[in-house]
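Undergrad: Model the structure of this input:
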Amino acid sequence: MTRNFDLIEKEAIERWENTEKSNTPQIYVGCATCGNATGAQSVVKTIHKQLEEKRLDAVVKEIGCIGMCFAEVLVDVIKPGKPRISYQGVTPEIAEEIIESYLVNDDPRPDLALGYFGEGGPADLERIDTGEVFKNQQRVILKNCGVIDPENINEYIAHGGYKGLAKSLEKDQEEIIGILKDSGLRGRGGAGFPAARKWESCLKPKADQKYVLCNADEGDPGAFMDRSVLEGDPHSVIEGMLIAGYTIGASKGYFYVRAEYPLAIKRLRKAIEQAREKNLLGENILNTGFDFDLEIFQGAGAFVCGESTALIMSIEGNRGWPKPLPRPRTSEEGLWGKPTLLNNVKTFSVVPQILSKGADWFKSIGTEGSPGTAVFALTGKIKRSGLIEVPMGIELGKIIWEIGGGILDDKKFKAVQTGGPSGGCLPEDKLDLPVDFDTLVKAGSMMGSGGMVVIDESTCMVDVARYFLDFTFEESCGQCVPCRQGTQQMLEVLNDICEGRGREGDIEHLLELGDSIIKSSICGLGQTAPNPVLSTVQYFRDEYEAHIRDKACPALVCKNLIMFQINEEKCTACGRCRKACPVEAISGEKKVPHKIDQDTCTRCGICFSECPERFSAVERLTGKEKLAAASGKEG
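TA: Residues are numbered from 1 along each chain as shown. The predicted model follows:
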């Protein structure tokens with residue numbers, strides 16, 4: 001390790017230790033996008049105001065997402081000599097109570113707390129870091145998220161940051177690539193391509209300029225893994241890119257971040273400035289003669305720009321669409337025709353730890369074919385939604401039932417969708433599958449960049465397939481016919497099925513179209529676009545057949561295949577449904593059971609939602625025979 005870095009690290013550790021050993025309480029507020037969306041900034045203002053009014057001394061830190069998005073706003077308090085107590089669902093009013101009760105009167109208020117981290121917490125509180133949410137997790141990429149101040153480079157360095165860079169600068173390029181090869185690191189952007197092979201292919205070409213690009217264009221619906229890393233630990237990604245630049249001989253790098261991530265961009269900018277101030281970025285880094293600098297390029301939010309050549313076209317100022325085949329590899333001819341290394345946020349983020357701790361450490365986590373961890377955005381019909389990091393090889397069911405806490409409202413599990421719009425839906429009998437790159441692909445899905453959407457019994461799988469296909473159709477660049485026309489034709493068939501116009505042969509038509517799109521599209525978006533349809537046909541074919549043959553939606557979702565009817569025996573004539581109906585389709589007097597005019601009804605479902613559960617008088621019907629009978633009754 002270079003002497004220059006030793007001094008930087010020593011200073012950072014001393015500052016951290018002085019804060020930890022001081023008699024000043026620390027207050028952590030979860031101020032990532034998830035926290036801010038639920039009011040974290042108002043809570044921060046209230047905390048500062050209360051501290052000033054009560055003349056209390058405390059360090060207030062705005063930290064990144066620790067993963068428990070279901071409990072935001074999170075406020076953690078660390079009093080000298082005591083464990084970190086975490087409070088959930090904090091509002092400005094609750095923040096006032098916490099400060100008065102705990103900081104002033106030493107009452108930790110278990111009634112407001114989620115639990116505590118570490119040892120020695122109150123007996124009536126649960127320990128979080130060994131509890132259900134975290135016991136099956138292994139935080140590697142997310143190790144600093146929710147722990148350090150992302151806008152303080154000293155805290156990153158005090159937690160081992162930039163040590164991987166310092167060690168790398170003492171090695172030659174082949175040695176670094178050898179370590180990555182030994183580690184078995186595979187790209188975390190979706191395809192799982194071996195990282196060392198990509199780096200090595202970019203080292204070989206001789207050029208006067210090379211580039212390192214970080215793909216932070218996270219476009220999958222329900223995905224927020226990369227955003228959270230950039231918001232909670234931006235220096236880890238910068239350090240990874242620095243190591244990459246040194247390894248392949250590049251002096252320039254770009255973050256490609258979608259403009260919808262303003263907080264991530266803000267924290268990245270500050271992190272880049274701080275790294276320059278410490279001589280960890282820019283010219284003659286740590287007096288080693290290595291030059292490398294970074295810029296941020298804001299993307300316009302096109303999903304197709306997650307594809308490597310489309311991303312490069314976008315940076316160059318062109319329309320962001322994939323280059324047609326045959327095309328040279330970006331490692332040979334990328335940005336402005338120069339050799340270019342492109343990796344995902346999470347891939348770059350973990351590289352420093354591999355260089356600092358060694359390949360064997362990384363291989364000890366996960367499986368032989370998929371070493372390390374996987375970061376998922378766990379969303380959908382799940383009790384504990386949030387950001388999780390698990391060792392590769394963990395069972396899908398363990399993620400859903402133990403980490404996620406099971407299905408929202410205790411409904412029945414139906415499927416889990418992994419890999420975003422390029423992935424697939426897996427049924428309950430696949431929950432024993434290990435989560436890794438290869439197993440998920442064999443099952444008809446994929447790891448993707450890390451989206452995981454849980455689906456319950458109230459969801460129509462045909463409608464789910466339609467939703468994801470509509471997304472890829474809208475996001476298609478339109479360059480190649482198979483993707484442009486093929487996804488449109490598949491979407492038209494799905495619309496027909498969901499709207500009651502499905503015909504025999506539609507399922508086979510979908511399979512034929514999907515196969516053609518996969519084989520002939522020019523980029524990964526088109527080649528994976530049919531996956532949600534193909535996987536739902538594979539595992540939920542009975543739902544497709546019900547829609548087509550019986551004109552029935554088993555999940556009672558598709559409007560054209562359902563009807564709302566009021567059960568006269570259950571109706572108490574309370575009038576709630578009649579008052580709530582936006583088109584005045586419900587009639588009835590006091591003490592007289594109400595009725596729905598089927599010709600006026602728009603199937604919006606508001607009456608069903610408004611009817612008190614204890615009565616459940618509004619019923620949903622589906623299937624051509626039931627609908628015909630009900631229509632006859634109600635005219």
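Undergrad: Tyr261: what's it in contact with?
TA: By C-beta atoms under 8 Å, 6 or more residues apart in numbering, the contact list for Tyr261 reads Thr33, Ala216, Glu218, Arg227, Leu230. In this view, the C-beta of every residue, glycine as well, is placed from N, C-alpha and C.
Undergrad: what's the burial count for the second one?
TA: By that I understand Ala216. When neighbours are defined as other C-beta atoms under 10 Å, Ala216 has 26 of them.
Undergrad: That one and Leu230, how far apart?
TA: Ala216 is 6 Å from Leu230, where distance means C-beta to C-beta, to the nearest Å.
Undergrad: anything in contact with each of the two?
TA: Contact criterion C-beta under 8 Å, 6+ apart; residues shared by Ala216 and Leu230: Val257, Tyr261, Ala264, Val345.
Undergrad: Looking at those residues, which two lie furthest apart in space?
TA: Spatially, the most separated pair among those is Tyr261 and Val345, at 10.8 Å (C-beta to C-beta).
Undergrad: any low-confidence regions in the protein?
TA: Applying pLDDT under 70 to the chain flags residues 1-3, 631-635.
Undergrad: So it: which segments form each domain?
TA: The chain resolves into domains spanning 16-117, 162-363, 373-456, 461-549, 559-634 when parsed by automatic domain parsing.
Undergrad: mind putting those in TSV, distance to Asn144 included?
TA: Formatted as TSV, those follow (distance: least, C-beta to C-beta, whole Å):
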stretch	distance to Asn144
domain 16-117	8
domain 162-363	4
domain 373-456	12
domain 461-549	31
domain 559-634	42
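Undergrad: Out of these, which is closest to Arg127?
TA: That would be domain 16-117 among the domains of the chain, by C-beta to C-beta, at 6.1 Å.
Undergrad: Keeping just the C-alphas, turn stretch 29-40 into CSV.
TA: Output of stretch 29-40 as CSV, limited to C-alpha atoms (Å, rounded to 0.1, in the frame of the first residue of the first chain):
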residue,chain,number,x,y,z
VAL,A,29,-32.1,9.3,9.4
GLY,A,30,-32.7,7.2,6.4
CYS,A,31,-32.6,9.8,3.6
ALA,A,32,-32.4,7.7,0.5
THR,A,33,-35.2,8.1,-2.1
CYS,A,34,-37.5,5.7,-0.2
GLY,A,35,-37.1,7.6,3.0
ASN,A,36,-37.4,11.0,1.4
ALA,A,37,-40.6,9.9,-0.3
THR,A,38,-42.2,9.1,3.0
GLY,A,39,-41.2,12.4,4.7
ALA,A,40,-37.6,12.0,5.9
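Undergrad: May I have the secondary structure class of Ile296?
TA: strand (DSSP: H, G, I helix; E, B strand; the rest coil).
Undergrad: Not counting sequence-adjacent ones, nearest residue to it?
TA: Closest residue to Ile296 apart from its sequence neighbours, by C-beta to C-beta, 6 or more residues apart in numbering: Phe255 at 4.7 Å.
Undergrad: Can I take it that the one you found is in a strand?
TA: Yes. Judged by three-state DSSP, Phe255 forms part of a strand.
Undergrad: Which positions are bridged to it in the beta structure?
TA: For Phe255, the beta-bridge partners are Cys214, Ile296 (DSSP bridges).
Undergrad: quick one: it and Asp217 touch, right?
TA: No. With contact defined as C-beta atoms under 8 Å, Phe255 does not count as touching Asp217 (9.8 Å).
Undergrad: distance of Gly397 from Lys430?
TA: Gly397 is 9 Å from Lys430, by C-beta to C-beta.
Undergrad: And the two? Which one has more around it.
TA: Applying other C-beta under 10 Å to Gly397 and Lys430 shows that Lys430 carries more neighbours, namely 19 against 15.
Undergrad: how close does the more buried one get to Lys414?
TA: For Lys430, the distance to Lys414 (C-beta to C-beta) stands at 12 Å.
Undergrad: which secondary structure element contains Phe292?
TA: If you go by DSSP states H and E, Phe292 is part of strand 290-299.
Undergrad: Determine how far the last residue of stretch 153-171 lies from the first.
TA: In stretch 153-171, first residue to last residue: 24 Å (C-alpha to C-alpha, to the nearest Å).
Undergrad: To clarify, my last question referred to stretch 562-570.
TA: Start and end residues of stretch 562-570 are separated by 20 Å (C-alpha to C-alpha).
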